[in-house]
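**Q** this is a predicted model, with the sequence first.
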Amino acid sequence: MAKFLIVEARFYDHLNDMLVEGARAAIKAAGHKADVITVPGALEIPGAIALADQSGEYDGYVGIGVVIRGETYHFEIVAGESARGIMALTMDGVAIGNGILTVENEAQALVRADPKQKNKGGEAAEAAMALLALREKFGA
Ligand SMILES: Nc1c(NC[C@H](O)[C@H](O)[C@H](O)CO)[nH]c(=O)[nH]c1=O
Ligand SMILES: CC(=O)[C@@H](O)COP(=O)(O)O
């Protein structure tokens, strides 16, 4: 059994509830355990994962969040830099699934957050578990 940490940026409660539900369900269905911590926004997710990984307490991570485009360039920064930070950690061998929605509007987010529709939270958890399985396969 592996232990995962779901790191959620709780910007939109109703959307995060669905994303975390999907991630938890996928992890439980695979026979693993999950804890959840909350950070202010998506930009804090990579740093929180890096800090948690230093503890050695977790085998893998799922980043959960919702970034909805506003009026300024900030969307590109939040969406792009949170993804880049997660990618940098995965390239360093940390098993992370990216469940941060980067969307134009709430309607797009609802479809992707809903476990009964696109279930992006569950999808991200599956990705984290797949990377952990590769780590174990390659003895990393
Ligand atoms: N606009 C959204 C943000 N913005 C906040 C940043 O993620 C960050 O917390 C802040 O810049 C302080 O470092 N975060 C989201 O997760 N979603 C958004 O739509
Ligand atoms: C994704 C964002 O940062 C966005 O919510 C911020 O909105 P705005 O660009 O209108 O300040």
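**A** Right, received. Where do you want to start? Ligands and ions are numbered 1, 2, ... in the order given.
**Q** neighbours around G47, how many?
**A** 14 (other CB atoms under 10 Å). All C-beta atoms are positioned from the backbone trio N, CA, C, and that covers glycine.
**Q** same question for the one 4 residues further on.
**A** Other residues lying near L51 total 12 when counted by other CB under 10 Å.
**Q** same check on K33?
**A** K33: 14 neighbours (other CB under 10 Å).
**Q** measure the residue lying closest to it once chain neighbours are set aside to K116 for me?
**A** Leaving out its chain neighbours, the residue that sits closest to K33 by CB to CB, 6 or more residues apart in numbering is K3, at 4.9 Å. In this view, K3 and K116 are 27 Å apart by CB to CB, to the nearest Å.
**Q** about what we covered before: quick one, what contacts the residue nearest to K33?
**A** 32-35, 57-59 (CB atoms under 8 Å, 6 or more residues apart in numbering).
**Q** quick check on it: phi, psi?
**A** phi -120, psi 120 (degrees, to the nearest 10).
**Q** can you check L101 too?
**A** phi -70, psi 130.
**Q** from G22, how far off is it?
**A** To G22, L101 is 12 Å away according to CB to CB.
**Q** what touches both of these two?
**A** Joint contacts of L101 and G22 (CB under 8 Å, 6+ apart) are 113, 120.
**Q** list the buried residues of stretch 16-36.
**A** Of all the residues in stretch 16-36, those buried under the rule 16 or more other CB atoms under 10 Å are 16, 18-27, 32, 34, 36.
**Q** how far does that stretch sit from its chain's centre?
**A** 11 Å (CA atoms, centre = their mean, to the nearest Å).
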